[in-house]
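> next one to model:
(2 chains)
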Number of protein chains: 2
Amino acid sequence: MDLAARVLSGDRLALARLLTQIENEQAEGLDALSAIYLHTGRAHLVGITGASGTGKSTLVNQLALCLRHSQQPEADRPPTVAVVAVDPSSPFTGGAILGDRIRMRDLAGDPGVFIRSMASRGALGGLARATGAVVEALDAAGFEVILIETVGAGQTEVDIARMAHTTVVVDAPGLGDDVQAIKAGILEIADILVVNKADLPGAEHTLRLLRTTLEIGQPTRRLLRPEEAEGQTSAAPWTPPVLPTVATRGDGVPDLAEAIRGHLRHLQASGELRQRRRERVRTEMEDLLHQHLASRWMSNQLDGVFETAVERVLNREIAPRQAIAGLVEGESTEK
Amino acid sequence: MDLAARVLSGDRLALARLLTQIENEQAEGLDALSAIYLHTGRAHLVGITGASGTGKSTLVNQLALCLRHSQQPEADRPPTVAVVAVDPSSPFTGGAILGDRIRMRDLAGDPGVFIRSMASRGALGGLARATGAVVEALDAAGFEVILIETVGAGQTEVDIARMAHTTVVVDAPGLGDDVQAIKAGILEIADILVVNKADLPGAEHTLRLLRTTLEIGQPTRRLLRPEEAEGQTSAAPWTPPVLPTVATRGDGVPDLAEAIRGHLRHLQASGELRQRRRERVRTEMEDLLHQHLASRWMSNQLDGVFETAVERVLNREIAPRQAIAGLVEGESTEK
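Below you'll find the model as predicted:
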């Protein structure tokens, strides 16, 4: 049985191997990914992001645990859950993430849970792309909820949040200036807001500030209290609830799980789910098109043509745009 | 006189107009940028990044002020300074940055200073590219030091830091967990570390933690005290100094200015300056090549070909990689 078939049959070792091949951009892994692509599209992709120090990893672990112990009326068993922990900073912090996972013994023995840490390993630019491919593989392998955990509010996090159906942004009291600590740009991508460490002094203040900031940013939106969030009708525009949690004790985590399910129902009923998927597919295909065209073009050039152009630009004999136009259009770049 | 010539002659209104055209990707601006490209390469590009709440903007203002009042033995006047304040989050925060600049009255009246704020305005992906083009224009316009200020530690910040010759990372006490607050990934790109708000309780702790974190990350590097940093010989590997500042009072800012000049001398003497420029030019040209090839390919397609492929992928009739290979190689994508 080939790797793709083994992944589809539920073989976890095969899945781990496929993910490594995908991360390393090995041809075998990418071919297997194409082979299993037709089995994707069933998972609920949930992005969870926020600054470090918010207790986000603990919250993700508790959320996975909660989902695995939940029983939904429409299902005969709890959903299977995959966690992808993405750290755009160096391998430096990979150990900490791993350590955190290992401490989470409640999850470790559960065959319905799969955990994968991803670090940048040098090529930062490709991390969002690699994460997308890893998530596709987990989706095809049959995981029903995929939690994608990222740190921070930079381009990578926004790119990764874009691939999720539901984006949860986590804040906590005491992280310096509250209004600044959670950047407006990341608030705009939030479907659900969480104030973790809600037992700390200042939690009420943080909750209030977030609600106010959301109201300023989205004056037409009325904000909901947690108990209202569940009852949102699916056709109306979604209003991000602001939920308090204490992840270390599991407080508020069932409410968060329910808000996440509520958002999925909203996406399905409103047709937004298909729209988000379309945007994601288009972005991925534009990226692949760029890669494909560039590598095809490069393979048709004499060795060193591009490097020579780089050198001429470096010597300020020609501007970058002129050099590229000359290379691609086959015009002479000689002066 | 055309726009390019006016910019080169020192016309500030022409420069502001060119920068707007570049940000909007107007053809006129990009042509003018090509025309003035041969005049670039003289500026010292200094990236300044760090989390919000570190007082980074105040530090940048004070640094600009300090540079404008410094007298170097080898120069007959202080260097001209441009500040590019980049905020990858939404236009939301643009006002705050602008307000901060306006409050900085000491800089406002100085013709040797030029300040430009850049917000993402939707297309987050293009911000690093637009910043690069704006910096090139400021370089060609004759600014000798260009301070590029960014918020956070995400992909955009790392991309922007890569275009700088010297990268300053700013931290401050009291921003939650110190070791986490300043991510290892951003530490790796730091040439100089600053602990601002060094008059706050916990500053000594933050300084110590940063030095320890650097030592763990770079075990072969011995860390220097501020007074040692100035005397680094240029041929030896650079060791990032960790400098305390109180930007609101200007304390420590002259030491920071001297460390920045010291790093430039190091880059020049070691040959690293040319190497960094080469990497930057290569990245920019690869990006331009991708854009150029994609737009040329698109213009040769029948309307809707790409959209049809997106639709087929969305319906899971074909995997993304197969669809792109089919489109580009002209193979039939029919089943």
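> all contacts plus neighbour counts: C-alpha atoms, from now on.
Noted.
> okay, now the unreliable bits of the stretch 151-300 of chain A?
A:152-158, A:176-186, A:216-235 (pLDDT under 70).
> show me where it has strands.
Secondary structure of the stretch 151-300 of chain A, counting by DSSP state E, counting those that start in this stretch: strands at A:166-171, A:192-195, A:242-244.
> mind checking how far the shortest one is from the chain centre?
Right, the one you point to is strand A:242-244. 21 Å (Cα atoms, centre = their mean, to the nearest Å).
> quick one: strands adjacent to it?
strand A:192-195 (parallel) (DSSP bridges).
> before we move on, what about the longest one?
Paired strands of strand A:166-171, with direction, are strand A:44-49 (parallel), strand A:192-195 (parallel) (DSSP bridges).
> so which bits of it are buried?
By 16 or more other Cα atoms under 10 Å in any protein chain shown, the buried positions in strand A:166-171 come out as A:166-171.
> other residues contacting that strand?
Outside of strand A:166-171, the residues within contact range by Cα atoms under 8 Å, 6 or more residues apart in numbering or on different chains are A:44-51, A:54, A:56, A:161, A:182, A:186-187, A:189-196, A:260, A:263-264.
> so residue A:151 is in contact with residue A:47, correct?
No: judged on Cα atoms under 8 Å, residue A:151 makes no contact with residue A:47 at a distance of 10.7 Å.
> what residues of stretch A:32-42 count as buried?
So stretch A:32-42, judged by 16+ other Cα under 10 Å, has buried residues A:32-41.
> the residues you listed in helices, which ones?
Using DSSP state H, the subset of the buried residues of stretch A:32-42 located in helices is A:32-36.
> for those, which one is nearest chain B?
residue A:34 (5.3 Å; Cα to the nearest Cα).
> what packs against the biggest helix by length in chain A?
Longest helix of chain A, by residue count under DSSP H: helix A:272-299. Helix A:272-299 sits against helix A:155-163, helix A:253-270, helix B:272-299, helix B:305-314, helix B:320-329, with contacts defined as 3 or more Cα pairs under 8 Å, 6 or more residues apart in numbering or on different chains; DSSP states H and E.
> just to revisit the earlier point, turn the buried residues of stretch A:32-42 into a markdown table, including distance to chain B.
Output for these, formatted as a markdown table (distance: Cα to the nearest Cα, whole Å):
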| residue | distance to chain B |
| --- | --- |
| A:32 | 11 |
| A:33 | 8 |
| A:34 | 5 |
| A:35 | 8 |
| A:36 | 8 |
| A:37 | 6 |
| A:38 | 5 |
| A:39 | 8 |
| A:40 | 8 |
| A:41 | 9 |
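> quickly check: the helix or strand hosting residue A:20 near chain B or not.
In this structure, residue A:20 sits in helix A:12-23 according to DSSP states H and E. No: figure legend: helix A:12-23 not in contact with chain B (Cα under 8 Å from any Cα of the partner chain); closest approach 13.2 Å.
> list the helices and strands that helix packs on?
By 3+ Cα pairs under 8 Å, 6+ apart, helix A:12-23 packs against helix A:3-8, helix A:27-36, helix A:127-140.
> relative to the whole chain's centre, how far out is the last one?
With Cα atoms, centre = their mean as the basis, helix A:127-140 stands 9 Å off its chain's centre.
> quick one: list the elements packing against the very next helix or strand once past it.
On the C-terminal side of helix A:127-140, the closest following helix or strand by DSSP H and E is strand A:145-150. Packing partners of strand A:145-150 (3+ Cα pairs under 8 Å, 6+ apart): strand A:44-49, helix A:56-68, strand A:81-87, helix A:127-140.
> now do strand A:145-150: everything it contacts.
Contacts to strand A:145-150, defined as Cα under 8 Å, 6+ apart, come from residues A:43-50, A:56-57, A:60, A:79-88, A:135, A:138-139, A:157, A:160, A:164.
> now swap in stretch A:323-331 and tell me
With contacts defined as Cα under 8 Å, 6+ apart, stretch A:323-331 is touched by A:306, A:309, A:313, A:332-333, B:285, B:288-289, B:292-293.
> and it, average pLDDT?
Average pLDDT, stretch A:323-331: 84.
> list the buried ones in that stretch?
Buried, per 16+ other Cα under 10 Å, within stretch A:323-331: A:323-325, A:327.
> redo these as TSV? Include distance to residue B:270.
As requested, the buried residues of stretch A:323-331 are arranged in TSV below (distance: Cα to Cα, whole Å):
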residue	distance to residue B:270
A:323	29
A:324	30
A:325	34
A:327	32
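> what is the nearest of those residues to residue B:269?
Minimum distance to residue B:269 across the buried residues of stretch A:323-331 is 29.4 Å, recorded for residue A:323 (Cα to Cα).
> quick revisit: deepest-packed of the helices and strands packed on helix A:12-23, please.
Scoring the helices and strands packed on helix A:12-23 by mean neighbour count under mean count of other Cα atoms under 10 Å in any protein chain shown gives helix A:127-140 as the most buried, with a mean of 23.
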